[in-house]
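A.B. asks: just the structure for this:
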Amino acid sequence: MNLKTRYLGLELDHPLVPSASPLSSDLDGIRRLEDAGAPAIVLFSLFEEQINQESRILDHYLAYGTESYAEALSYFPQAEQYHVGPDGYLNLIRRAKESTKLPVIANLNGVSSGGWTQYAKLMEEAGADALELNIYYLATNPDVEGSEIEKMYTDVVSEVVSSVRIPVAVKVGPYFSSMSNMAKKFAHAGAKGLVMFNRFYQPDFDLEELEVKPNLVLSTKHEIRLPLHWTAILYGRVPLDFAITSGVHSHWEVLKALMAGANVAMTASELLARGLGRIREIVGDMATWMAEHEYESVQQMIGSMSQINVAEPAAYERANYQKVLQSFRPDSTGLLV
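C.D. replies: As a prediction, this is how the structure comes out:
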């Protein structure tokens with residue numbers, strides 16, 4: 001059974017990659033990930049705000065309200081332990097490369113062009129094998145047009161790509177008027193991969209204190225449907241590698257991601273909730289399923305159920321929308337079937 005896959009030019013032993021999270025925030029965590037069977041290390045995010053000397057403000061808003069969601073405190077370390085500064089981050093890359101044989105993918109999180117993108121070059125010089133550019137921006141100004149937002153995204157990608165020789169993957173949310181066109185623009189800007197999708201962390205209201213409080217909620221398996229849908233549509237149409245993240249909790253989601261066209265499936269919530277042992281369990285279950293269904297390699301599966309490879313490609317578009325709305329059938333008890 002050949003479980004190897006290629007992502008961003010890197011050969012990986014299998015397609016289940018732990019995504020950026022506190023699990024890779026220090027050298028001990030990185031070693032634990034390697035011992036648990038991770039095929040690559042995606043480091044936690046270095047934020048633009050940290051580089052701009054605003055980390056204390058950022059830490060305040062990231063930590064604020066976590067006590068209102070009890071589980072959050074057990075999943076994530078304190079801000080001073082988790083959010084290292086730019087120099088510490090570069091040192092972590094160096095130490096990770098010295099201590100592990102795995103590919104190391106650095107993670108740069110920001111929204112604007114400018115001096116902070118120079119850190120992409122420093123990450124490369126520190127030894128990073130690839131870079132995940134995580135662009136998280138919520139457009140709230142009604143005077144800013146969508147075209148301006150799209151240009152901001154592509155400008156950031158172009159600037160980062162032009163500063164490094166290592167491959168760059170772009171992690172974004174799905175909230176574009178034309179996701180397909182944006183994927184094409186990212187490819188034209190020089191990106192080699194697309195990570196789908198950034199989760200939209202909506203705040204909640206505290207009705208007693210009359211405050212807006214952010215709450216951390218881990219993903220569920222149902223969240224894979226959106227990135228699965230877009231990966232299956234984009235596969236074969238844009239020259240990018242694809243990573244599906246959010247909603248990957250078992251071998252079923254990994255298999256679906258591959259068949260949609262993803263090179264890798266990424267998970268953090270499952271590992272945070274149930275431990276690093278889940279990596280080998282999921283990969284083992286995936287290999288068993290592949291053997292039972294006579295697959296000899298991961299490569300046979302990638303893109304096999306994408307839009308360009310299925311008998312009814314319209315199932316990914318409006319035809320599926322109509323069928324879903326007409327599919328409601330209550331059973332004898334009145335429940336949905």
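A.B. asks: doesn't Val17 fall inside a strand?
C.D. replies: Yes - applying DSSP: H, G, I helix; E, B strand; the rest coil, one finds Val17 inside a strand.
A.B. asks: ok, it touching Asn263?
C.D. replies: No - assessed by CB atoms under 8 Å, Val17 is found out of contact with Asn263, at 9.5 Å. Where you see a C-beta, it was placed from the backbone N, CA and C, and this is true even at glycine.
A.B. asks: surely Glu296 and Met1 touch.
C.D. replies: Yes - counting by CB under 8 Å, Glu296 does reach Met1; the two are 7.0 Å apart.
A.B. asks: which residues of this protein score low on pLDDT?
C.D. replies: For the chain, residues meeting the criterion pLDDT under 70 lie at 48-85, 111-116, 201, 318-326, 328, 330-337.
A.B. asks: strands along the stretch 201-337 of the chain, start to end?
C.D. replies: Counting by DSSP state E, counting those that start in this stretch, one finds strands in the stretch 201-337 of the chain at the ranges 203-206, 211-214, 241-245, 264-267.
A.B. asks: give the contact list for Ala268.
C.D. replies: Contacts for Ala268 (CB atoms under 8 Å, 6 or more residues apart in numbering) come out as Pro18, Ser19, Ala20, Ser21, Leu23, Thr245.
A.B. asks: for it, give its distance to Pro103.
C.D. replies: Ala268 sits 18 Å away from Pro103, going by CB to CB, to the nearest Å.
A.B. asks: and for Val42?
C.D. replies: Val42 is 9 Å from Pro103, by CB to CB.
A.B. asks: more neighbours: the two, which one.
C.D. replies: Val42 (29 against 20; other CB atoms under 10 Å).
A.B. asks: surely that one touches Ile105?
C.D. replies: Yes - taking contacts as CB under 8 Å, Val42 lies within contact range of Ile105: 4.6 Å.
A.B. asks: now list whatever residues contact both of those two.
C.D. replies: Glu132.
A.B. asks: so who does Val283 touch?
C.D. replies: Taking CB under 8 Å, 6+ apart, one finds Leu3, His14, Leu16, Gly37, His251 in contact with Val283.
A.B. asks: cool, and Gly9?
C.D. replies: Ala130, Pro167, Lys192 are the contacts of Gly9 under CB under 8 Å, 6+ apart.
A.B. asks: switch to 10 Å and redo it
C.D. replies: Gly9 is in contact with Pro103, Asp129, Ala130, Ile166, Pro167, Lys192, Gly193, Asp241, counting by CB atoms under 10 Å, 6 or more residues apart in numbering.
A.B. asks: pretty sure the first one sits against Ala128.
C.D. replies: It refers to Pro103. Yes - using CB atoms under 10 Å, Pro103 is in contact with Ala128, at 9.0 Å.
A.B. asks: need the overlap of contacts for the two.
C.D. replies: Ile41, Lys97.
A.B. asks: now the most centrally placed residue in the chain: how far from Glu209?
C.D. replies: By CA atoms, centre = their mean, the chain has its centre lying nearest to Thr245, at 4.2 Å. Computed as CB to CB, the Thr245 to Glu209 distance reads 33 Å.
A.B. asks: sounds good, over and out.
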